[in-house]
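A.B. asks: Structure of the sequence below:
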Amino acid sequence: MLRSRQVAQGPAVEQFERGMAAYLQRAKGVHTDMHNPQVTVRGSVAWITYYWTDSGVVDGKRVSSHGKSTRVFVKEDGRWRVSSGL
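C.D. replies: Sure thing, here's the model as predicted:
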């Protein structure tokens, strides 16, 4: 498990970064919208759940998708930091 301020590294992270860089080169005009966000705060932990839609052009073809995501935040030194996101 990562402790605060540690950064994930290793082959899996490097593979993810290469894949994301390749996608960003192929993607044009991708736009994402957040819908129905629900924020919960419990002490120094908070999370947001929301639905999202996106659309744009990838490899010259129009694409769109939708889903639901959750982001978890932890308050450290008076600042909210992202702990996890799916």
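A.B. asks: how about the protein, which residue sits the furthest from its center?
C.D. replies: Distance from the C-alpha centroid of the chain peaks at G60, with 24.1 Å (CA atoms, centre = their mean).
A.B. asks: so where is this protein shaky, pLDDT-wise?
C.D. replies: 1-8, 85-86 (pLDDT under 70).
A.B. asks: Which residue ranges of it form strands?
C.D. replies: 27-42, 45-58, 61-76, 79-85 (DSSP state E).
A.B. asks: Which of these sits closest to G10?
C.D. replies: Closest to G10 of the strands of the chain, according to CB to CB: strand 79-85, at 17.6 Å. All C-beta atoms are positioned from the backbone trio N, CA, C, and that covers glycine.
A.B. asks: What number of residues are in the vicinity of K75?
C.D. replies: A count of neighbours around K75, defined by other CB atoms under 10 Å, yields 13.
A.B. asks: got it, and the one 4 residues further on?
C.D. replies: Applying other CB under 10 Å, we find 8 other residues in the vicinity of R79.
A.B. asks: Looking at strand pairing, list the partners for it.
C.D. replies: For R79, the beta-bridge partners under DSSP bridges are E76.
A.B. asks: any idea how far it lies from T40?
C.D. replies: Here R79 is placed at a distance of 19 Å from T40 (CB to CB, to the nearest Å).
A.B. asks: Just the buried residues of stretch 35-49, please?
C.D. replies: 46-48 (16 or more other CB atoms under 10 Å).
A.B. asks: hang on, I meant stretch 60-75
C.D. replies: Buried-residue list, stretch 60-75, by 16+ other CB under 10 Å: 71, 73.
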